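Participant: Pasting the sequence and the predicted coordinates here, then a few questions.
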Amino acid sequence: MHDLVKGAGMLRNEVSTLLNIDSETMRYYESRNLITKPSRLSNGYRSYSDKNIEEIKFIQHCRSLCIGLDEIKVLK
């Protein structure tokens, strides 16, 4: 797992690279309330926390088991 400095976050492109996920997919998960809304930096960029990263990893794992997004939302 990626260790973040306490209180620091990662930008969308960093999380995208770390988890091998398309950045638009991350935004889609956010819009479907599958992940907690990331905080925003002063420049408006999303800052993804450890919790956000764990939520995305959970979704990826569920998707690898062919679990649909509606079911994932219930499991979350």
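Facilitator: Received, thanks.

Participant: Quick one: neighbours of Ile35, just the number.
Facilitator: 23 (other Cβ atoms under 10 Å). In this view, the C-beta of every residue, glycine as well, is placed from N, C-alpha and C.

Participant: Pull the contacting residues for it.
Facilitator: 26, 29, 52, 55-56, 59 (Cβ atoms under 8 Å, 6 or more residues apart in numbering).

Participant: Look up the closest residue to it, ignoring the ones flanking it.
Facilitator: Glu55 (4.2 Å; Cβ to Cβ, 6 or more residues apart in numbering).

Participant: does the spatially most central residue of the chain count as helix, strand or coil?
Facilitator: Nearest residue to the geometric centre of the chain (Cα atoms, centre = their mean): Ile56, 3.9 Å. Recorded secondary structure, Ile56: helix (DSSP: H, G, I helix; E, B strand; the rest coil).

Participant: Does it touch Tyr28 like I think?
Facilitator: No - counting by Cβ atoms under 8 Å, Ile56 does not reach Tyr28; the two are 11.2 Å apart.
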